[in-house]
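[1] take this sequence and fold it.
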Amino acid sequence: MAQKGMQDVVYLKNGSIIRGMVIEQVPGVSIKVETADKSVFVYPMDEVEKITKEPAVRSSVANAGIGKGYEGLVQVGYGIGVGLYGEDRAKFNFINGYRFNPHLMTGIGVGVRAYTGSGETTLFVPFFLHVRYTPLDRKISPYLAVDFGTSFNASEDFRTEGIMLNAGLGVSIRTGESTALLLGFGLDLQKHSVYELMRINYRNELVERGVNSSALSFNVGFSF
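    As a prediction, this is how the structure comes out:
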């Protein structure tokens, strides 16, 4: 029987720490741990560095033990244009990255943006750096995320448009040992060219100029 006020602590070789109760152990094969939020995780013994018994730590009650390593992220969303040049847009992102610890992840992303605010659909393909910070190592935690890069206009021979910047916040809900559901809101900014009819030398002419198009977006993602 576990001592009162004590808990089992499993240290994995990838840097993760799982706190809870060892409910099953097959010597040399596997170990099963139940955390305080009733989540159950199974690990091969060759991934375990050591197992100790330590005083219960309240702040780690819901620790699901996501450690460092590869992380992929698939994300979809929709933005509603705001401001003078704001346009509605549907968005899709795929990000390959590296998780340094349960809190910090960074990666390189590519996606598709379908802009519909002008009455016709324009497709952009963004390439960007993704950085996400999750302050709490728990099953449910808020997060902050930033995407920074540039976009190519697929509707006009993939010409380079301008800077793309997305900043958002949301909540991360762990669904497994290394998976999570991400729900968030963000502000999307995209610099691109528009053609406007202007009066020049007593004549109406179409003039190309760069503008900043912004939108408030809702995003749903799955990390693995």
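[2] could you dump stretch 216-224 to PDB, C-alpha only?
    Provided in PDB are the C-alpha atoms of stretch 216-224 (Å, rounded to 0.1, in the frame of the first residue of the first chain):
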ATOM      1  CA  LEU A 216     -10.000  37.400 -36.200                       C
ATOM      2  CA  SER A 217      -9.900  33.600 -36.400                       C
ATOM      3  CA  PHE A 218     -11.000  30.500 -34.500                       C
ATOM      4  CA  ASN A 219      -8.600  27.600 -34.800                       C
ATOM      5  CA  VAL A 220      -8.800  23.900 -34.000                       C
ATOM      6  CA  GLY A 221      -5.700  21.700 -34.000                       C
ATOM      7  CA  PHE A 222      -4.500  18.200 -33.200                       C
ATOM      8  CA  SER A 223      -0.900  17.600 -32.100                       C
ATOM      9  CA  PHE A 224       0.800  14.300 -32.100                       C
END
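[3] and residue 131, what is it in contact with?
    104, 105, 106, 145, 146 (C-beta atoms under 8 Å, 6 or more residues apart in numbering). Bear in mind the C-beta positions are built from the backbone N, C-alpha and C, glycine included.
[4] could you dump those residues into CSV and include pLDDT?
    Formatted as CSV, these follow (pLDDT from 0 to 100):
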residue, pLDDT
104, 93
105, 95
106, 97
145, 97
146, 97
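[5] buried ones from the residues you listed, can you make that a PyMOL selection?
    Those of those that count as buried under 16 or more other C-beta atoms under 10 Å are selected in PyMOL with:
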select buried, resi 105+106+145+146
